[in-house]
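Asks: Turn this into a model:
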Amino acid sequence: MDPKELEEKIIERYRQDEKMMILVFAQWCLNHDLDPETLYKKAYPDQGNNQALREALALTVDKKESEDISNDTLFGVLSLYGNDDLAMIVSEYLKK
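Replies: Residues are numbered from 1 along each chain as shown. From the prediction side, this is the model:
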């Protein structure tokens, strides 16, 4: 595999993993009766609508059908992708 192909493969893998992180966030929110779009906008008010989040919401399931997603798991995936602002907003909601 040449360097260009390797680079493209790494970028594609990162994008797939990032989509999984967004799906975990969205499902966690729904499991806790929170609106993921509202939380996201509070964390990143200047970004507008997030298409990846909307796509993830289409893949979520009702909280009765969902596996439990621990707070630690959510914070871990948010941290992995540098979503510290979002993690802070989530933390604030957990304190309420």
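Asks: Show me which positions of the worst-scoring helix or strand of the chain on mean pLDDT end up buried.
Replies: Ranked by mean pLDDT, DSSP states H and E, the helix or strand of the chain with the weakest confidence is helix 3-31, at a mean of 89. Buried residues in helix 3-31, defined by neighbour count with 16 or more other CB atoms under 10 Å: 21-31. C-beta: built from backbone N, CA, C; applies to glycine.
Asks: Taking the centroid of this structure, which residue is nearest it?
Replies: With distances taken as CA atoms, centre = their mean, the residue of the chain nearest its centroid is residue 22 (2.3 Å).
Asks: how much space between it and residue 39?
Replies: Taken as CB to CB, to the nearest Å, the spacing of residue 22 relative to residue 39 amounts to 12 Å.
Asks: Next, the contact list for the closest residue to residue 88 other than its chain neighbours, please.
Replies: Distance criterion CB to CB, 6 or more residues apart in numbering; nearest residue to residue 88, sequence neighbours excluded, is residue 43 at 7.2 Å. Taking CB atoms under 8 Å, 6 or more residues apart in numbering as the contact definition, residue 43 lies against 83, 85-86, 88-89.
Asks: Where strands are concerned, which of the residues you listed count?
Replies: Residues from the contacts of residue 43 lying in strands, with DSSP state E as the criterion: none.
Asks: Format those residues as TSV; extra columns: pLDDT.
Replies: Formatted as TSV, the contacts of residue 43 follow (pLDDT from 0 to 100):
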residue	pLDDT
83	91
85	93
86	94
88	95
89	95
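Asks: are any of these buried, and which?
Replies: In those, burial by neighbour count holds for 83, 86, 89, counting by 16+ other CB under 10 Å.
Asks: Show me those residues that map onto helices.
Replies: Among these, DSSP state H puts 86, 89 in helices.
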